[in-house]
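>>> Fold the following for me, if possible:
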Amino acid sequence: MKALKCCFILLLCLSFAACRPHSRKQMISLSLYDQGKSVAFTGLEQLVINEIARDTNREVWQSLIPVYKMPADTDLKSYQPVQLGKYVIKQNTIIFTPDTPFVKGKTYFVRSYQLGQGTSFADYLQGRARLGKLKFIDLVFKP
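Model prediction:
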């Protein structure tokens, strides 16, 4: 009888975890800006942009949507240094201009971290998430 109660409670907890409402996925898109000298990011929620814009530390954008040069061996993407530059906010668009100009024909990528995505209890149970791993999407572009 005690084992039946434990199974029922466990099943009830799992059903609550699995039935949570799905959050809207954050889809960041990018486009070249100013004749390929900069890249513009859209798709971030306006509340996030406003909150980060109030921060005096401008490097916060670099940690949220960093830009990298694509290495010849794409297995080494995670070990590339961040492309330094300046982030400017215009309405709901973030514009990144690198300190050293983009090289025409060279491939670059933006790592968009999906903060808050795949962190529910059900995601861990179903194997869609792992502890210590942040979900991200790499957006590739050529100036």
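>>> Quick check: closest non-adjacent residue to D99.
Using Cβ to Cβ, 6 or more residues apart in numbering and skipping the chain neighbours, the partner closest in space to D99 is L84 (4.7 Å). All C-beta spots, glycine's among them, are computed from the backbone N, C-alpha and C.
>>> K104 is in contact with Q35, isn't it?
No - in this structure, K104 is not within contact of Q35 by Cβ atoms under 8 Å, at 10.6 Å.
>>> Relative to P143, how far out is T74?
Per Cβ to Cβ, to the nearest Å, T74 is found 18 Å from P143.
>>> These two: who's more crowded?
Taking other Cβ atoms under 10 Å, T74 and P143 do not tie; P143 has more neighbours (17 against 11).
>>> what ranges of this structure fall below the confidence cut-off?
1-26, 56, 58, 114-134 (pLDDT under 70).
>>> how about the strands of it, start to end?
For the chain, the strands defined by DSSP state E cover 29-33, 38-42, 67-69, 85-90, 93-98, 108-113, 136-141.
>>> how about the residue nearest to D99, phi and psi?
phi -80, psi 150 (degrees, to the nearest 10).
>>> how many neighbours does it have?
If we define neighbours as other Cβ under 10 Å, then L84 has 12 of them.
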